[in-house]
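**Student:** got a structure for you, letters missing:
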């Protein structure tokens, strides 16, 4: 299977990528902190997980996973977690919450791709049984995993035969291309590796660069110290802590709890990144749509009831030259080339408090978008009042206008630097709200909207280089995703009218 990260963006309208050629050989040697090099962090990882002083050739990724990680085959997701942290009761409880969240995500995904359950709905019963088993684990259950020779959860935890059968049956069914139109193309669950601490995350990122040259080119950047996910081959590695907001920790011994933002912050973060991994592995060779992240966000909203994550997403690459990593996907082109800034830790307080996040998504971000649209209408100056939104930054304001989707989105320039963060935050809420609107209001009745949205999600598996996401949308809904302006009937302008209506 092709690495999900080698999926190249459809256009610069979709991805914050540098278009310059970069000297990655020199950049790869940047330190992630003033004190430690990537090589030193990688050596620390090898010494902990393999024989001290062992060469990299004797410490392959597969060997490390087999020896040092517990394995949870959770339907669409193969979750792995370092056993050395299973002695910590707090981290064990956090792991349980994450696993429950992933089962909930699978149930929501199932509702998307199969809105009308079959008469004998064994799969949903199996998922319910698996969830009940996880929720009922005793406090010392994880200790068995830490001590077990075989760290597969079904082997180490020894559930009742009925539970074991339900877990195995659920995974086989969810991965079945005979039942579902959209599944991972290689028939394997998306592997999700969880990193409980910042130090564990940075050591693994550094180790990945030693065993995988592509991972080294993508990930060995000084800004990776602020990331919350990266890839090693087909494995998405997810941090369970943010980098500290105040001060710095050159040895990565401290981190900021994701629950600082919300009690469900960690579950939101893992759900979002796992959903993205699933979507990418269901269509790994086609251009990434700007709505991939919106689909993942909408799933996260359904699981947690809110969406407050900070998207220090990690590396991005193209089919050609590698580029510096950015976590933000926004529409518009940069005619001068160059780069746009990644969002650093010292900007994250502003993000959490950003006006586009008002309500945490509980209303699908309708209120902040409607307010921005109202302000934009006052600044329209002869333009379509539906299409304008006001950004704020450094005491000033800047107007951006639709279309934000489709081919014409790339014709717009990025806003001035003072408004880039607010623009990224606006588009995060805008695209998430659009997908939620599509699922609930994309047709004449709620039932029809649900069925049509399901058809769209299932049809994602039919996208190719020649058959773009826009083509699929047009086939399913009978109108394009967007147009140059409101004179063309499109989904985006229907969405803009919904924002204006406020309901």
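**Tutor:** Structure received. Because the structure is a prediction, the values reported are computed rather than measured. Numbers count the residues shown, from 1 in each chain.
**Student:** quick check: buried residues in the lengthiest helix in the chain?
**Tutor:** Looking only at the chain and at elements set by DSSP state H, the helix with the highest residue count is helix 89-113. By 16 or more other Cβ atoms under 10 Å, the buried positions in helix 89-113 come out as 91-92, 94-95, 97-113. (Each C-beta comes from the backbone N, C-alpha and C, glycine too.)
**Student:** over to stretch 165-184?
**Tutor:** 166-167, 169-171, 173-175, 180-184.
**Student:** and of those residues, the nearest to residue 411?
**Tutor:** residue 182 (31.4 Å; Cβ to Cβ).
**Student:** nearest residue to that closest one in space, please, no chain neighbours.
**Tutor:** With sequence-adjacent residues excluded and distances taken as Cβ to Cβ, 6 or more residues apart in numbering, residue 182 is closest to residue 461, at 4.2 Å.
**Student:** again, but for residue 100
**Tutor:** Residue 100's closest residue in space is residue 134 (Cβ to Cβ, 6+ apart), at 5.7 Å.
**Student:** ok, now residue 32?
**Tutor:** Nearest to residue 32 is residue 225, by Cβ to Cβ, 6+ apart, at 4.6 Å.
**Student:** shouldn't that neighbour be in contact with residue 252?
**Tutor:** Yes - contact status for residue 225 versus residue 252: in contact at 7.4 Å, counting by Cβ atoms under 8 Å.
**Student:** quick check: the gap between residue 416 and residue 397.
**Tutor:** Using Cβ to Cβ, to the nearest Å, one gets 11 Å for the distance from residue 416 to residue 397.
**Student:** list the contacts of the residue nearest to residue 32.
**Tutor:** Residue 225 is in contact with 32-33, 202, 243, 252, counting by Cβ atoms under 8 Å, 6 or more residues apart in numbering.
**Student:** give me that answer again for 7 Å
**Tutor:** For residue 225, the contacting residues are 32-33, 202, 243, by Cβ atoms under 7 Å, 6 or more residues apart in numbering.
**Student:** ok, so what distance separates it from residue 249?
**Tutor:** Counting by Cβ to Cβ, the gap from residue 225 to residue 249 is 9 Å.
**Student:** next: residue 233.
**Tutor:** From residue 233 to residue 249 the distance is 29 Å (Cβ to Cβ).
**Student:** next, show the common contact partners of residue 225 and residue 252.
**Tutor:** Joint contacts of residue 225 and residue 252 (Cβ under 7 Å, 6+ apart) are 33, 202.
**Student:** what residue of the protein is the furthest out?
**Tutor:** For the chain, the largest distance from the centre (Cα atoms, centre = their mean) belongs to residue 382, which lies 38.1 Å off.
**Student:** now do the helix or strand containing residue 204, average pLDDT.
**Tutor:** In this assignment (DSSP states H and E), residue 204 forms part of helix 198-211. When pLDDT is averaged over helix 198-211, the result is 96.
**Student:** how about stretch 383-390?
**Tutor:** 92.
**Student:** how far does it stretch from start to finish?
**Tutor:** 14 Å (Cα to Cα, to the nearest Å).
**Student:** need the residues that contact that stretch.
**Tutor:** 372-373, 375-377, 379-380, 397, 399-402, 426, 485-486, 493, 496-497, 500.
**Student:** helices - which of those land there?
**Tutor:** Checked against DSSP H, these include these in helices: 372-373, 375-377, 426, 493, 496-497, 500.
**Student:** list the buried residues for stretch 199-218?
**Tutor:** Here stretch 199-218 shows 199-212, 214-218 as buried, counting by 16+ other Cβ under 10 Å.
**Student:** low-confidence stretches in the protein?
**Tutor:** Scanning the chain for pLDDT under 70 picks out the ranges 1-30, 34, 247, 287-288, 312-352.
**Student:** and stretch 431-438, how far from the chain's centre?
**Tutor:** 16 Å (Cα atoms, centre = their mean, to the nearest Å).
**Student:** list of residues touching that stretch?
**Tutor:** In contact with stretch 431-438 (Cβ under 7 Å, 6+ apart) are residues 290-291, 293-295, 297-298, 301, 307, 361, 364-366, 369, 453, 491, 495, 498.
**Student:** kindly report the same for stretch 360-375.
**Tutor:** 262, 301, 305-308, 355-356, 358-359, 386, 389-390, 426, 429-430, 432-433, 436-437, 499-500, 502.
**Student:** and residue 488, that's in a helix?
**Tutor:** No - applying DSSP: H, G, I helix; E, B strand; the rest coil, one finds residue 488 to be coil, outside a helix.
**Student:** that one: neighbour count?
**Tutor:** Neighbours of residue 488 under the rule other Cβ atoms under 10 Å: 15.
**Student:** now it, nearest residue through space, not along the chain?
**Tutor:** residue 480 (7.1 Å).
**Student:** give me the phi and psi angles of residue 190.
**Tutor:** Backbone torsions of residue 190, given as degrees, to the nearest 10, read phi -70, psi 120.
**Student:** tell me the contacts of it?
**Tutor:** 76-78, 184, 274, 277-278, 281.
**Student:** mind listing what's buried in stretch 62-75?
**Tutor:** 64-65, 68-75.
**Student:** whoops, stretch 71-87 was the one
**Tutor:** Here stretch 71-87 shows 71-83, 85-86 as buried, counting by 16+ other Cβ under 10 Å.
**Student:** check the gap between the residue nearest the centre of the chain and residue 225 for me.
**Tutor:** In the chain, the C-alpha nearest the mean C-alpha coordinate belongs to residue 273, at 3.1 Å (Cα atoms, centre = their mean). As judged by Cβ to Cβ, residue 273 and residue 225 stand 18 Å apart.
**Student:** also residue 153?
**Tutor:** Distance from residue 153 to residue 225, by Cβ to Cβ: 32 Å.
**Student:** repeat that for residue 428.
**Tutor:** Residue 428 is 22 Å from residue 225, by Cβ to Cβ.
**Student:** just the helices in the stretch 101-250 of the chain please.
**Tutor:** Ranges of helices in the stretch 101-250 of the chain, per DSSP state H, counting those that start in this stretch, are 122-135, 141-147, 153-157, 161-174, 198-211, 213-219.
**Student:** can you add distance to residue 409 and give the ones you listed back as CSV?
**Tutor:** Shown next, in CSV, are the helices of the stretch 101-250 of the chain (distance: least, Cβ to Cβ, whole Å):
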stretch, distance to residue 409
helix 122-135, 38
helix 141-147, 47
helix 153-157, 44
helix 161-174, 34
helix 198-211, 32
helix 213-219, 26
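**Student:** so where do the helices sit in the stretch 401-503 of the chain?
**Tutor:** 420-441, 446-459, 469-477, 491-501.
**Student:** many thanks, have a good one.
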